[in-house]
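1. The following block contains a protein sequence and its predicted model.
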Amino acid sequence: MNISDLNKLTKALEFAADKHKFQKRKGETPPPYINHPIQLLHLLTDVGQVEDVDVLCAAVLHDTVEDTATQPSEIERLFGKRVCQIVMECTDDKCLPSMVRKRLQVTHAAEKSHGAKLVKLADKICNIRDILDAPPAHWNKERRMAYLNWSDEVVTQVKGTNEALEELFYTHLQNGKAALDS
Ligand code: ZN
């Protein structure tokens with residue numbers, strides 16, 4: 001990665017940290033929201049060996065449009081068309097009911113770009129890890145299990161994207177299911 005890529009990635013981190021500054025993750029002792037995009041970034045570089053700076057920037061920015069007041073035009077202006085496209089591929093339409101959004105994630109996953117599939121994979125790994133390690137207090141076993149099954153359905157649709165990330169996802173999934181079953 002050259003200095004201009006590194007600069008772009010750092011700018012994305014600064015931008016996302018600012019956009020998510022008032023948000024927290026779920027769980028009993030909720031960490032700052034920005035920890036989540038940083039975890040995606042680390043999974044992609046460390047486990048996925050992903051070096052494509054646009055994909056890494058999109059991972060950092062993937063929840064800004066969905067969960068903050070960020071406009072897609074802002075992302076495009078600052079980070080370019082491709083980063084914006086990947087972010088938008090990973091953005092659910094919040095006008096739709098949650099059940100519909102979840103269904104659409106499964107039916108549309110296979111049509112996404114390679115970059116968006118990588119971000120989705122890392123996002124699902126982080127989310128199931130969070131649900132298993134630090135579940136929201138009001139989530140019972142059934143709800144956690146339903147979340148694992150739904151994540152499994154989405155990841156099944158993007159099979160063949162990145163072997164190491166998929167392997168890690170299924171390891172967490174199996175451990176999680178076993179823990180919930182016991
Ligand atoms: Zn996310």
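-> Received, thanks.

2. Might you enumerate the residues of the protein proximal to the ion?
-> 63, 123 (C-beta under 5 Å from the ion). Bear in mind the C-beta positions are built from the backbone N, C-alpha and C, glycine included.

3. let's see it at 8 Å
-> Within the chain, the positions near the ion by C-beta under 8 Å from the ion are 36-37, 40, 62-63, 90, 123, 126-127.

4. out of those, who's nearest Thr161?
-> Nearest to Thr161 among the residues of the chain next to the ion is Asp123, at 12.4 Å by C-beta to C-beta.

5. thinking that closest one is in contact with Cys90, fair?
-> Yes: in this structure, Asp123 is within contact of Cys90 by C-beta atoms under 8 Å, at 7.0 Å.

6. Just the CA atoms of the helix or strand Gln85 falls within, as CSV, please.
-> Using DSSP states H and E, Gln85 sits within helix 81-89. Extracted C-alpha coordinates of helix 81-89, given in CSV (Å, rounded to 0.1, in the frame of the first residue of the first chain):
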residue,chain,number,x,y,z
LYS,A,81,-17.3,6.5,-7.0
ARG,A,82,-16.2,3.0,-6.3
VAL,A,83,-16.0,3.4,-2.6
CYS,A,84,-19.4,5.0,-2.6
GLN,A,85,-20.8,2.1,-4.7
ILE,A,86,-19.6,-0.5,-2.3
VAL,A,87,-20.9,1.4,0.7
MET,A,88,-24.3,1.7,-1.0
GLU,A,89,-24.3,-2.0,-1.8
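
7. And for Ala179, the neighbour number?
-> Neighbour count of Ala179, defined by other C-beta atoms under 10 Å: 11.

8. Point me to the helix or strand that includes the closest residue to it other than its chain neighbours.
-> Distances taken as C-beta to C-beta, 6 or more residues apart in numbering place Leu132 nearest to Ala179, at 6.7 Å, with adjacent residues excluded. For Leu132, the host element (DSSP H and E) is helix 114-133.

9. what's the distance between the next helix or strand after that helix and the middle of its chain?
-> Under the assignment DSSP H and E, the closest C-terminal helix or strand after helix 114-133 is helix 141-157. Helix 141-157 sits 15 Å away from the centroid of its parent chain (C-alpha atoms, centre = their mean, to the nearest Å).

10. tell me what helix 141-157 is packed against?
-> Judged by 3 or more C-beta pairs under 8 Å, 6 or more residues apart in numbering; DSSP states H and E, helix 141-157 is in contact with helix 98-108, helix 114-133, helix 163-181.
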